[in-house]
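Asker: build me a model from this:
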Amino acid sequence: MKKWLFLGLIAAAAWWLWLSPEPPAEWAGRPVSEPPRQTVSELPKPWTRDGVKFEPLARFAVRGVVLSRERYHFDPEAGLAPVDLALGWGRMSEAAVINALKISQDHRWYEYVWRKAPPIPEEEIARSSANMHLIPADPTVCAAVFAVRRHELVQFEGYLVQVTRPGWHWRSSLSREDSGGHSCEVVWVEHLERRNP
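Answerer: The predicted structure is shown next:
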């Protein structure tokens, strides 16, 4: 009997944690006005690490509010990009807009839904936010990536990359205008900073 009671308590706790609402965003104003920046001039040559080839497609720098954060353990990309961040800028960095959306990540996807009507046009939501697969360049960056939390303001730079190993490749989007499959950024991160909005 005690065993079933214990299992029931664990199930109830898991249900509560899964369904309980996230704390709302609580800052004023728009923390991030500018979209990410990318350039294709003077890119370095491709490099390898642990038998994986990285080809830089563009230099990349972004500042954004963390809309959601997801840790991955078991998919084929987890050893390279253990954390995905969904980031917002422009009106997607405003607390009132974020609070009007239910935002989630799963299976390397970033999703958002609203109750009655979107708080801003859906095209602007897609254009002002993105799911980013972060590949830390070294252990210091990796520790910084693991420390990131929802609703923090982060800034990082590095390269959008194509990643290749035998029988598999992963290519970054080069546009903030796309959505759906293959629209995520795959980012080799060389430096990351975080703070409150």
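Asker: going forward, measure contacts and count neighbours with C-alpha atoms only.
Answerer: Noted.
Asker: please, which helix or strand holds the residue nearest the centre of the chain?
Answerer: In the chain, the residue lying closest to the centroid (CA atoms, centre = their mean) is residue 85, at 1.5 Å. Assigned by DSSP states H and E, residue 85 belongs to strand 83-88.
Asker: that strand packs against which elements?
Answerer: strand 52-71, strand 129-136 (3 or more CA pairs under 8 Å, 6 or more residues apart in numbering; DSSP states H and E).
Asker: nearest to residue 104, out of those strands?
Answerer: With CA to CA as the criterion, residue 104 lies closest to strand 52-71 of these, at 6.4 Å.
Asker: partner strands of the strand holding residue 85, parallel or antiparallel?
Answerer: Strand 83-88 sits in its sheet next to strand 52-71 (antiparallel), strand 129-136 (antiparallel), going by DSSP bridges.
Asker: I'd assumed residue 91 was in a strand, is it?
Answerer: No. The assignment for residue 91 (DSSP: H, G, I helix; E, B strand; the rest coil) gives helix, which keeps it out of a strand.
Asker: can you count the residues close to residue 54?
Answerer: 22 (other CA atoms under 10 Å).
Asker: I misspoke; the intended subject was residue 64.
Answerer: Counted with other CA under 10 Å, residue 64 comes out at 30.
Asker: okay, and residue 125 sits in which element?
Answerer: Per DSSP H and E: helix 122-127 holds residue 125.
Asker: show me what that helix is packed up against.
Answerer: Helix 122-127 packs on no helix or strand, going by 3+ CA pairs under 8 Å, 6+ apart.
Asker: who touches that helix?
Answerer: With CA atoms under 8 Å, 6 or more residues apart in numbering as the test, helix 122-127 has contacts from 92, 176, 177, 178, 179.
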